[in-house]
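1. sequence and predicted structure below; questions after.
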Amino acid sequence: MKKRILTGERPTGKLHLGHYVGSLKNRVSLQEKYDQYIIIADIQALTDNFKTPEKVSHNVCEVAMDNLAVGLDPEKTTIFIQSKIPQIAELTILFANLVTMSRLSRNPTVKSEIGEKNFGSSVPLGFFMYPVSQAADILFLNADLVPVGEDQLPHIEQTREIARSFNNIYGKVFNIPEALVGECPRLIGTDGNAKMSKSLGNCIYLSDSRDELKDKVMRMFTDPSRIHPTDPGRVEGNPVFIYHSIFNPDKEEVKDLEDRYKHGKVGDIEVKEKLFFALDKFLEPIRERRRYYEEKPNLVKEILSEGTRKTEIEAQKVMDKVKEVIGIKYT
Ligand code: TRP
């Protein structure tokens, strides 16, 4: 039997280059070898958007289309919607018994999100415990591998602990899943911030048009201490060069630009224009596939409902086993 992958995202906006290098790129190559599932985590998205649920529901199809646009093949990858699988909610409640409040409060990703979202000391329970629900997302399918960005690693660790704890108490039901981080676990933002993130407004989206892309690239942060093109510049930590190294396949051109930049022999404009060309070339096939799906909204809906139907069958199998080992399968 093929090993299983489960990963996904909260549908709160379109996906960007950071998602691509952190996880989407791995999904595209791994779908050949694995039985891959993508969760559109609308219930998790509600944990910090419960007052604006339309923001979540509107983005379900967008996120599905971004996944399809990068090259996920619905014949090989199953895409489903979290809220359509009630077994995940059921499992979350059973897992909540296995996690302490103090363990949850030590999760660094949740901690920094609580800060960003200005919850202060009144963190809603749903948000506080979303890592438990994420463990259910992963374990209800008994996934072996979870390709994610670096920020998700604490959640995978928590998931592994829950799986071990459940297996110890009730008997072995769950695999201990592994995380897989992309070659660039965290992508710098266009503004030089350490992380590309929607809330920071420093993203290049996979669906950006050529004009939007050009505008963003030309306004990118570079070496702030370099005033004239003849000043020697810094390549390390410079987002324009970081993107060149990741997205420009012409390694000779990149090397030449780096050399000239370090010696004050090239202006920012030329470096940025070349980055724009490279990114535009990278994004064009993604935009084209996206257009294909945008023109066929019914096809996207069908892919989601077929994916959900397939996932439900698997969910019930694991849930039956869970209830059996706990001893709550009354007949
Ligand atoms: N927490 C992830 C994010 O913010 C989304 C997510 C939900 C997820 N369930 C998951 C990721 C299961 C991997 C596996 O993007």
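-> Now that the structure is in, tell me what you want to look at.
2. quick one, helices of the stretch 201-331 of the chain?
-> 210-218, 239-247, 251-262, 268-294, 297-326 (DSSP state H, counting those that start in this stretch).
3. would you mind listing what in the stretch 1-150 of the chain touches the ligand?
-> 6-10, 39, 41, 44, 134, 137-138, 146, 148 (CB under 6 Å from any ligand atom). Heads up, the C-betas are built off the backbone N, CA and C, glycines and all.
4. now render those residues as JSON lines, adding neighbour count and secondary structure.
-> What follows is these, written out as JSON lines (neighbours: other CB atoms under 10 Å; DSSP: H, G, I helix; E, B strand; the rest coil):
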{"residue": "6", "neighbour count": "25", "secondary structure": "strand"}
{"residue": "7", "neighbour count": "26", "secondary structure": "strand"}
{"residue": "8", "neighbour count": "24", "secondary structure": "strand"}
{"residue": "9", "neighbour count": "23", "secondary structure": "strand"}
{"residue": "10", "neighbour count": "21", "secondary structure": "coil"}
{"residue": "39", "neighbour count": "27", "secondary structure": "strand"}
{"residue": "41", "neighbour count": "25", "secondary structure": "coil"}
{"residue": "44", "neighbour count": "26", "secondary structure": "helix"}
{"residue": "134", "neighbour count": "24", "secondary structure": "helix"}
{"residue": "137", "neighbour count": "26", "secondary structure": "helix"}
{"residue": "138", "neighbour count": "32", "secondary structure": "helix"}
{"residue": "146", "neighbour count": "25", "secondary structure": "strand"}
{"residue": "148", "neighbour count": "22", "secondary structure": "strand"}
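5. without its sequence neighbours, what residue ends up closest to residue 221?
-> Spatial nearest neighbour of residue 221, excluding adjacent residues (CB to CB, 6 or more residues apart in numbering): residue 192 at 3.8 Å.
6. could I get the phi/psi values of residue 41?
-> With angles defined as degrees, to the nearest 10, residue 41 sits at phi -80, psi 70.
7. how about this protein: which residue is closest to the ligand?
-> The ligand sits closest to residue 41 of the chain, with a gap of 3.5 Å, by CB to the nearest ligand atom.
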